[in-house]
Every structure is written in structure tokens, then in C-alpha cells.
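Participant: Fold the following for me, if possible:
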Amino acid sequence: MQSTLAINLARIAIIVAILALWEVLSRTGIVNPRLLPSASDTFATLGDLLQRAAVQKDLMVTATEVLAAFALAVPFGAVIGFLVAENRYFADVAKPLLFFAFSIPKSIFLPMFILVFGVGFAQKVGFGFFSTIFIVIMSTTTAVESVKVEHLTVARSYGATPWQTAFRVYLPSMLPVLLEALRISMIFNLTGVILAEMYASRDGIGHQIATWGENFQMKQLLAGVVMVAAIAMTFNELVRWVETRCSHWRT
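Facilitator: The predicted structure follows:
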């Protein structure tokens, strides 16, 4: 208990030290405040931005795109990943191709999505889907392969139906790995959508961040970066909390 408290206090101290250093560097002019506004000014700007209707609308647009891309990529990628793990022939054919595709930087395909879908919702959701699906496939394959053969053998020996095997053997065994996969997938998904918005879009928080950067509005730019980082960290910690609750299933 004391160890956990000490670790948390050390983490808080590091964050406070970074913010204090940021404030000092800007306030004393060691770093040009026009290039690096102080932490206090940045957080004040963030509070102001969050009250603006236009920024709230952009956040809703980005959230809708992220959820749509995630909702499409996860089940589609999970089915492919399950087939790769369970079908030897399909695995022999698809696995090397998936590894090749996974290793390619996805950002180089973004201009093609703009050409195919135009500038709009479909382009951003499509690129978010494309950025996410490979990590879902690879993670699902790993999750299915992590299920112990002994558990499956026992279930089948006692006459478990495919439905019972799926929900009483596969799902409990895979859930911790799947939750970790969902957390990482969301990071890829959010990155893909924000990148698509920054590259070519008329709305969304990524578009706003790009516009603030182009217009040298450094307070708004940094506030936007803090905003997106806070959203990503909140989701990440939420899934980590669920992972912790399910950790006993690993053993």
C-alpha cells in the first residue's frame, strides 16, 4: 500500500516538475513565449476553447468518426483474426501477407483515400478503419492462439456445444488479451482519424489543430494537443481499469 502511494506521489511529482519547467522556460524568456506559451496560459486557453460551440461541434465530429471506424474495424478484424488462428490453410496463405501489410506505414495511403472517397466523413472513417484493422487482426490471432488446448479438449470431452465453448472457454481465456488489443487499437484508430482530419478535412478537432498551427496560434495549438492527449489517456486508463478487473482470468 505504501509502495503504491510512493509510486503515485513520484508520478505526480514528475508531472508537476514538467509543468513547472514549462512555465519557467516560457515566463523567463529562455524559450520564446510566442513559440512556447506558458502552461498556465495554455490551460486557460483550453478552458476557453472547451466553452466554444464550434470546438464542441468539432469534438463531436471527431468522436463520431472515431467510434464509426472503431465499430467497423473491431468486428471485421476479429473475424479475420479468428479465421487465421483456427484455419491452418487460411493462416498459411494470409499470415505472411498480413505481416507485410502491417509493416507498411499507413499514412502513405492517405492520399488514395482522399482520391477514392473525397474530403469528408467516409474518407476519415475509411482511413481510421484501415489504420486499425491490422492491429485488430494480429491481436485477435494472438488471443485465439493463447487459449489452452487442454481447456478446449476438456470442454469438448464433456460435450460442450460450439456456443458453450465460445462463451465459456474462448471468451474468458481471450478477454484480457482482447482488452489490451482494444486499447492499442483505439490509439491507432484515433491517430488515423486525427491524421486524416489534419491532412484534408473541413471539420473535426484534427482540422482545428492544423488550422491553429498554420495560423501560428500557439496557445490554441498547444491547448488542442493537450485536449486530444487527455481524451486518449482517459480511454486508455478506462480500458486498463477493465483489464485489471479481468486480470484474474489470466491464471
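Participant: hey, where'd the helices end up in the chain?
Facilitator: Shown for the chain, the helices assigned by DSSP state H span residues 2-27, 39-50, 53-86, 88-103, 110-117, 121-145, 149-157, 162-165, 171-199, 205-214, 218-245.
Participant: The ones you listed: which one's closest to P33?
Facilitator: Closest to P33 of the helices of the chain is helix 2-27 (CB to CB; 4.7 Å). The way it works is simple: take the backbone N, C-alpha and C, and place the C-beta from them, glycine included.
Participant: Now for L115, how many residues are close by?
Facilitator: Here the neighbour count serves as a burial measure; for L115 (other CB atoms under 10 Å) it reads 9.
Participant: For it, give its distance to I104.
Facilitator: Using CB to CB, to the nearest Å, we find L115 at a distance of 18 Å from I104.
Participant: How about K95?
Facilitator: Distance, K95 to I104, by CB to CB: 16 Å.
Participant: Have a look at those two and say which one is more surrounded.
Facilitator: In terms of neighbours (other CB under 10 Å), K95 is the more surrounded of K95 and I104; the figures are 15 against 10.
Participant: can you tell me how far the closest residue to that one other than its chain neighbours sits from G47?
Facilitator: Across the structure, with CB to CB, 6 or more residues apart in numbering as the measure, the residue nearest K95 apart from its sequence neighbours is V84 (6.2 Å). Summarising the geometry, the distance separating V84 from G47, computed by CB to CB, is 47 Å.
Participant: residue contacts, R202?
Facilitator: By CB atoms under 8 Å, 6 or more residues apart in numbering, R202 lies in contact with 119-120.
Participant: Quick check: phi and psi at it.
Facilitator: Dihedral pair for R202: phi -110, psi -10, per degrees, to the nearest 10.
Participant: Do you know the pLDDT at it?
Facilitator: Per-residue confidence for R202 comes out at a pLDDT of 86.
Participant: try the one 4 residues further on
Facilitator: Reported pLDDT at G206 in the predicted model: 91.
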